[in-house]
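> Have a look; sequence and predicted model below, questions after that.
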Amino acid sequence: MPFKVAKARLAAYVLRLSGVVLLAVPSLASATFSIVACDRNGNCGAAVATNNLAVGASVPYAQAHVGALVSQFETNPTYGPKGLALLASGQSPDAAIRILLDGDNNFDNSGITARQIGMVDARGRSATYTGAEALSSAWAGAEHGDGFSIQGNGLAGEQVLSSMKRVFLSSTGTLAERLMASLEAGEKAGGQTTGRLSAALLLKTPEGAWQDIDLRIDSAAEPVRDLRRLLEQHYALQAILRAERQVRKGAISDARTSISEALHRCHGWDRIWRRAARLAMTMGDTDRALDYLSVFLAINPVWGRMEIRDSIYQPLRTNALFKSWNN
């Protein structure tokens, strides 16, 4: 087959498929909204949502006692570690952004006109930059103040950012909870014009280790909603761990309160119900243990049947309900 004929047939085939491809693949147009913030305790973090894949893998960066930043629209992933290093060296967010832009070198064939940056340091100083190309998207802008920076592009309108700011400044709770509430406010206010696909919440704490939060929804129909579920499950785990410490200290009443919180926030996480049942047995709350085991078995029957063979449940062996689970 002559090369020109083969090339023409290939072009025609791609053209016939293009309608299906456009329907099946999410738009690659940039559209992102985010918030970065630090509190006076040295916690620094970011929350972000976009219509592209795996936003948490490259857009948000944070370091406790240093700061946080996002690089979006056309992300330059080198900005993250470089920006944090600049903040750690004492540079202000304004100065750090200028240095990053000066050294951009058209990363990934995109120049600084396609960058949008939000940055905050642990002292509360903040700054933003939105290049001309990013600014020309459906709606783009930024707001920043003491301890926070909010920015977005391809949005439904100015109300997205103003709602995020209002909720962040008026909300209470941990910094992670305030970041999450702000992101949800942006989504409720219209979010992005081109759809949604991923979301992420990053928090770096002075304590580090398991106190840090790095939650990501890489691809989902409702990424912000799903991110909220993950955050609730994170706090459910923290609550059940706290309950276990309280039981060891003999603070039984406090432990029961912590277990209640854990179960309320766990969104059907089988592991939390299992640990609650074990704690109830340790505290002598056999009725509660039966209730918790009932839920655990309903969620995960295979693991549940393995669990009830454990010797910790010996006091329940004569209970009619417990015996029925072994049949």
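On my side now, so go ahead.
> Now Ala200. Nearest residue, chain neighbours left out?
Excluding the flanking residues, the one nearest Ala200 by CB to CB, 6 or more residues apart in numbering is Gly56, at 2.8 Å. (Each C-beta comes from the backbone N, C-alpha and C, glycine too.)
> For the stretch 151-300 of the chain, give me the ranges with low pLDDT.
Across the stretch 151-300 of the chain, nothing is flagged by pLDDT under 70.
> tell me, which helix in this structure spans the most residues?
Longest helix in the chain by number of residues (criterion: DSSP state H): helix 223-248.
> And the strands in the chain?
For the chain, the strands defined by DSSP state E occupy 32-38, 44-50, 60-63, 67-73, 115-121, 126-130, 141-145, 148-153, 198-204, 213-217.
> got those as JSON lines, with mean neighbour count and distance to Asp226 columns?
Output for the strands of the chain, formatted as JSON lines (neighbours: other CB atoms under 10 Å; distance: least, CB to CB, whole Å):
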{"stretch": "strand 32-38", "mean neighbour count": "30", "distance to Asp226": "16"}
{"stretch": "strand 44-50", "mean neighbour count": "29", "distance to Asp226": "11"}
{"stretch": "strand 60-63", "mean neighbour count": "25", "distance to Asp226": "17"}
{"stretch": "strand 67-73", "mean neighbour count": "31", "distance to Asp226": "20"}
{"stretch": "strand 115-121", "mean neighbour count": "28", "distance to Asp226": "23"}
{"stretch": "strand 126-130", "mean neighbour count": "22", "distance to Asp226": "27"}
{"stretch": "strand 141-145", "mean neighbour count": "19", "distance to Asp226": "26"}
{"stretch": "strand 148-153", "mean neighbour count": "29", "distance to Asp226": "20"}
{"stretch": "strand 198-204", "mean neighbour count": "27", "distance to Asp226": "7"}
{"stretch": "strand 213-217", "mean neighbour count": "20", "distance to Asp226": "5"}
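> and these as JSON lines, adding distance to Ala298?
What follows is the strands of the chain, written out as JSON lines (distance: least, CB to CB, whole Å):
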{"stretch": "strand 32-38", "distance to Ala298": "38"}
{"stretch": "strand 44-50", "distance to Ala298": "33"}
{"stretch": "strand 60-63", "distance to Ala298": "37"}
{"stretch": "strand 67-73", "distance to Ala298": "41"}
{"stretch": "strand 115-121", "distance to Ala298": "44"}
{"stretch": "strand 126-130", "distance to Ala298": "48"}
{"stretch": "strand 141-145", "distance to Ala298": "46"}
{"stretch": "strand 148-153", "distance to Ala298": "41"}
{"stretch": "strand 198-204", "distance to Ala298": "29"}
{"stretch": "strand 213-217", "distance to Ala298": "26"}
